[in-house]
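K.L.:
need coordinates for the following:
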Amino acid sequence: MSDIIQRPSPNFNERAGAKISYLILHYTGMETAEDALNILTDPESEVSAHYTIDEDGTIYQHVEEDKRAWHAGASAWREDENLNSQSIGIEIVNPGHGLGYRPFTPEQIKVVKGLCHDIKTRHPIEHVLAHSDIAPDRKQDPGELFPWKELAQDNIGIWPEVSDEDMVKASGIDVSQALKDFGYHAAKPKNMLLAFQQHYVPEAYKRGKQGVACGLTKGRLYALLAGHLISPK
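P.N.:
Residues are numbered from 1 along each chain as shown. Now for the predicted structure:
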């Protein structure tokens, strides 16, 4: 894994004994890496993350892992809320949907995998999620171009293994309720669906069908709830 460059941020506090069980992945959503690094280390911004990964694979550390970085904001997953206390946040340099969203670089993804594996040796990580998963009413990062399936194949997060039987059983599910059962919280049901598709059904975005509860969306959601997951390679 790449050497880690220290770029400390003053924006952190104590975890107050909370167990670190989440890895939350973000994109920076700014024009340049330096813009993002400046914001993440500016005391007036009141935001931070533990790490930032540049497009060339350079890793910057802003906050020590035993401290609570300010990256998740108002957030929830299953029974947990305000996930900063329980999570490690990784920012991945990308201008985002508003400034020219583009594929993540191979160097970034290689380093993301290495860093995630490294973190997992130190903490009992149970969930690897997108910022959009935990805040679907507010966020859409790291977005539909992030290779979640590739990470799951490398034992980082999960990905559904959908059988023909799953597709049949999934046809009649209540999608909004199923998304809540899986872990999503949102004021608007469509935001849960969009967040789920960005993570697990990127094909919906490629086809211009985002926000539509298609058969593939139902099938993958059903498989996830049933615990039918691909095995790491």
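
K.L.:
okay, now the domains of this structure?
P.N.:
The chain is divided into the following domains under automatic domain parsing: 4-153, 164-226.

K.L.:
so what's the gap between the last one and the chain middle?
P.N.:
By that I understand domain 164-226. Here domain 164-226 is found 16 Å from its chain centre; the criterion is Cα atoms, centre = their mean, to the nearest Å.

K.L.:
returning to that earlier point: nearest to Pro232, out of the domains of the chain?
P.N.:
When the domains of the chain are ranked by distance to Pro232, counting by Cβ to Cβ, first place goes to domain 4-153 at 5.9 Å. From N, CA and C alone the C-beta is placed, and that goes for glycine too.

K.L.:
mean confidence score for the closest one?
P.N.:
Across domain 4-153, pLDDT averages out at 98.

K.L.:
how far does it stretch from start to finish?
P.N.:
Using Cα to Cα, to the nearest Å, the end-to-end distance of domain 4-153 comes to 25 Å.

K.L.:
quick one: that domain to chain centroid distance?
P.N.:
On the basis of Cα atoms, centre = their mean, domain 4-153 sits 8 Å off its chain's mean C-alpha point.

K.L.:
circling back: could the domains of the chain go into JSON lines alongside mean neighbour count and distance to Pro232?
P.N.:
What follows is the domains of the chain, written out as JSON lines (neighbours: other Cβ atoms under 10 Å; distance: least, Cβ to Cβ, whole Å):
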{"stretch": "domain 4-153", "mean neighbour count": "18", "distance to Pro232": "6"}
{"stretch": "domain 164-226", "mean neighbour count": "18", "distance to Pro232": "16"}
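
K.L.:
I'd like to know which of the ones you listed is closest to Lys233.
P.N.:
Closest approach to Lys233 among these is made by domain 4-153 (4.9 Å; Cβ to Cβ).

K.L.:
any chance of the domains of the chain in a markdown table, plus distance to Lys233?
P.N.:
Output for the domains of the chain, formatted as a markdown table (distance: least, Cβ to Cβ, whole Å):
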| stretch | distance to Lys233 |
| --- | --- |
| domain 4-153 | 5 |
| domain 164-226 | 18 |
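
K.L.:
what residues are up against the residue nearest to His228 when sequence neighbours are not counted?
P.N.:
Distances taken as Cβ to Cβ, 6 or more residues apart in numbering place Glu161 nearest to His228, at 4.9 Å, with adjacent residues excluded. Applying Cβ atoms under 8 Å, 6 or more residues apart in numbering, we find Glu161 in contact with Ala223, His228, Leu229, Ile230, Ser231.

K.L.:
for Glu161, grab phi and psi.
P.N.:
Listed backbone geometry of Glu161 is phi -110, psi 110, with angles given as degrees, to the nearest 10.

K.L.:
same check, this time on Leu179
P.N.:
Main-chain torsions, Leu179, degrees, to the nearest 10: phi -60, psi -40.

K.L.:
hang on, Gly89 in a strand?
P.N.:
Yes. Going by DSSP: H, G, I helix; E, B strand; the rest coil, the assignment for Gly89 places it inside a strand.

K.L.:
the nearest residue to it once chain neighbours are set aside in helix, strand or coil?
P.N.:
Spatial nearest neighbour of Gly89, excluding adjacent residues (Cβ to Cβ, 6+ apart): His71 at 3.3 Å. Here His71 is coil, with the state taken from three-state DSSP.
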